[in-house]
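please work out how this folds:
(chains A and B)
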Number of protein chains: 2
Amino acid sequence: MHRLALIGFGVVGQGFAEILGEHGAAYREKYGLDARIVAVSDLMKGAVYHPDGLDIAALLAHRSDLSQYPDAPGLVRGLDALRTIRETNADTIIEVSYTDLKTGEPALSHIRAAFESGKNAILTNKGPVALAYRELQALADAKGCYFGYEGTVMSGTPSLRMARKDLAGCTFAEVRGILNGTTNYILTRMANGDSYTDALAEAQRLGYAEADPTGDVEGFDAAGKLVILVNTVFGTQIGMDDVARKGITGLTVADIEAAKSENARWKLIARVVREPDGTIRASVAPEPLPLSDPLANVNGATNAITYSTDLMGAVTLIGAGAGRRETGFAILSDLMELHSSKAHASR
Amino acid sequence: MHRLALIGFGVVGQGFAEILGEHGAAYREKYGLDARIVAVSDLMKGAVYHPDGLDIAALLAHRSDLSQYPDAPGLVRGLDALRTIRETNADTIIEVSYTDLKTGEPALSHIRAAFESGKNAILTNKGPVALAYRELQALADAKGCYFGYEGTVMSGTPSLRMARKDLAGCTFAEVRGILNGTTNYILTRMANGDSYTDALAEAQRLGYAEADPTGDVEGFDAAGKLVILVNTVFGTQIGMDDVARKGITGLTVADIEAAKSENARWKLIARVVREPDGTIRASVAPEPLPLSDPLANVNGATNAITYSTDLMGAVTLIGAGAGRRETGFAILSDLMELHSSKAHASR
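Take a look at the predicted model:
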């Protein structure tokens, strides 16, 4: 049995719980993955823990107030995040709390506590990985723990796993991606005739953009994902300040039309290049891409990434970049990798 | 140490040997994969075996006549394929011989012999997998052996691995792909104004199409790959006869122009659909795709595949479908999976 503790029970945690509730029996039969949620601890919604496992349907029924989760012999209530991480019998901590992107907290402390307790950790928040990947991976390695963070880039679309695993053995000369769905949605609307203001308003209405859209439209979100890509795929440590960053707010309808007349489309491209001398150059900026480029044809909120490799040439992956289920699946896919991996086979 | 025997030393075997020769030291350091070629047996070029490993540079220098491979104490010459499989100390058999697509021989017998000898097998020939996947996988499982066949679909572009591993946990409602580079090259030329005859002649001149192009242009090659996809990803056994197959030879310049006027492009689409009642329907046929479809924008000899899943929506992968290095990399990527897999960790 693989015991899980969820730190946070917002949309991503719920999305993951739903997937496990609906498909857990099939995963047990097909992959031998017998995953059970033993604890959920959410700062606002309360906390429940049972060493034998919680009932997923009951968790979801009381998703807004876990104090309503039905009593049972052995049930423990009210453990905070750190006690849940340290004191429960969970093998793996699923960190999906609300996290400050600038400091990475409280997720960063949760991940450290997990590894220090000898527990695996899976997270979907960019912050801790963008800020402290090397420290966290080193700590995980030292403790023999698994560190899963597939959901931090392109949600469950296996962008990091493809680079780390499926293309292992290749050297990456360049990686280019559309890593922010909000800006791609806005640029797609603009290519269809909307003004920036109208396109942003529509993105906000659909829930793609936040009331303060700065993180998306100024390229911070894409830059954070690029930092994760560089740190985990290129094996070089960079920070947010190392990314030359330019957002899409300066693009005019005239720019869009000019590109169209040249059979091109503006895209917010996150790019990392390994120079011949080994230097890593990372940038986020709008670029007019010729329609012959696979990334030029990625429209709406969809994300995509192109890995340029020595042995396989260009490999492009196109898929969802966000979403409740899609990010929940990212957690599941890390759990699957952990389950099948040699290094952690004893768990 | 992981000992390899190559059965066949044509372009794919040489491509793999080149990759290992150039990057083997890096793979040892980075992944702990210490792969050594201990034997090569080719029906036309001869055979060499040394239990401690062969020199890759010397193998490649004598790629057309292995009898010229330099003498060394302990070197054994002249073992045929089956003796190489059965009698050498290889852990893993790399089957890259010239193989008849209708019977799958001699590769089929080689793979069976490998598993019966308790050895892992990796191959890139479609035939044996399209014809006998279930039997071979069952034999591998019974003997605790690894069966690698990533290179049979889209060469080293990780189409099968992404479905089997990265998207494990998803259910596939539909898979659609451009799985034959030759026909996609021809259709791309036709979209640019060539006649079918001229486009085929150019594909032949470039080495994309064979003198007898039937296997490609009538959809047999794509159908074989589709059978492998269904058998390995959908978990349902079908054969070549279960694929409704139509080639591209009936397409006229008028058809191409009509599609263009509707913002569409003809592509030879291999498709498998799981009907609501569980029935699997597989087909290969030319289809005019709207330009908004990611597959419509895949041009030249490039391949692509779109997995439509329950949890992740549509995930599209675009990359090389053939090539000496690209297929050689497919072998390496199987070897990497085998190396990191729990089930075969003891090897």
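
hey, what's residue A:174 bridged with?
With DSSP bridges applied, the residues forming beta bridges to residue A:174 are residue A:273, residue A:308.

burial count for it?
14 (other Cβ atoms under 10 Å in any protein chain shown). All C-beta atoms are positioned from the backbone trio N, CA, C, and that covers glycine.

and it, what's its pLDDT?
On pLDDT, residue A:174 comes in at 96.

try residue A:77
On the pLDDT scale, residue A:77 gets 98.

test my guess that it contacts residue A:50.
No - the pair residue A:77 and residue A:50 fails to qualify as a contact (Cβ atoms under 8 Å) at a distance of 10.0 Å.

comparing these two, which residue is more hemmed in?
Comparing residue A:77 with residue A:50 by other Cβ under 10 Å, the one with more neighbours is residue A:50, at 20 against 13.

what is the neighbour count of the closest residue to residue A:66 other than its chain neighbours?
Among residues not flanking residue A:66 along the chain, residue A:46 sits closest, at 3.9 Å (Cβ to Cβ, 6 or more residues apart in numbering or on different chains). The local packing of residue A:46 (other Cβ under 10 Å) involves 19 other residues.

up against chain B, what does the stretch 151-300 of chain A have?
Residues of the stretch 151-300 of chain A found near chain B (Cβ under 8 Å from any Cβ of the partner chain) are A:156-158, A:161-162, A:165-170, A:291-292, A:294, A:296-299.

ugh, wrong one, the stretch 1-150 of chain A
By Cβ under 8 Å from any Cβ, the residues of the stretch 1-150 of chain A that approach chain B are A:19, A:23, A:27, A:31.

so which of these is the most crowded?
Busiest of the residues of the stretch 1-150 of chain A next to chain B [other Cβ under 10 Å] is residue A:19, holding 23 neighbours.

which residues in the stretch 101-250 of chain A form strands?
Applying DSSP state E, counting those that start in this stretch to the stretch 101-250 of chain A gives strands spanning A:120-123, A:147-148, A:172-178, A:243-245.

hey, which of the ones you listed is tucked in deepest?
With neighbours taken as mean count of other Cβ atoms under 10 Å in any protein chain shown, those reach their highest mean count in strand A:120-123, at a mean of 28.

for that one, which strands pair with it and how are they oriented?
As defined by DSSP bridges, the strand partners of strand A:120-123 come to strand A:92-95 (parallel), strand A:147-148 (parallel).

quick one: the ones you listed as a markdown table, columns for mean pLDDT too.
Shown next, in a markdown table, are the strands paired with strand A:120-123 (pLDDT from 0 to 100):
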| stretch | mean pLDDT |
| --- | --- |
| strand A:92-95 | 98 |
| strand A:147-148 | 98 |
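
could you dump these into a markdown table with distance to residue A:193 added?
Shown next, in a markdown table, are those (distance: least, Cβ to Cβ, whole Å):
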| stretch | distance to residue A:193 |
| --- | --- |
| strand A:92-95 | 42 |
| strand A:147-148 | 42 |
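
narrow the residues of the stretch 151-300 of chain A next to chain B to those in helices?
Among those, the ones falling in helices (DSSP state H) are residue A:161.

buried members of the residues of the stretch 151-300 of chain A next to chain B into ChimeraX, please.
To isolate the buried members of those in ChimeraX, using 16 or more other Cβ atoms under 10 Å in any protein chain shown:
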select /A:156,157,158,161,162,165,166,167,168,169,170,294,296,297,298,299
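
what comes into contact with stretch A:206-224?
Where contact means Cβ atoms under 8 Å, 6 or more residues apart in numbering or on different chains, the residues beyond stretch A:206-224 that reach it are A:101, A:126-127, A:130, A:177, A:179-183, A:185-186, A:200, A:203-204, A:240, A:243, A:245-249, A:268, A:270, A:282, A:284-285, A:301.

out of those, which end up buried?
By neighbour count, with 16+ other Cβ under 10 Å, the contacts of stretch A:206-224 hold A:101, A:126-127, A:130, A:177, A:179-183, A:185-186, A:200, A:203-204, A:240, A:243, A:245, A:247-248, A:268, A:270, A:282, A:284-285, A:301 as buried.

and stretch A:209-227, how far apart are its ends?
End-to-end distance for stretch A:209-227, by Cα to Cα, to the nearest Å: 22 Å.

okay then, goodbye and thanks.
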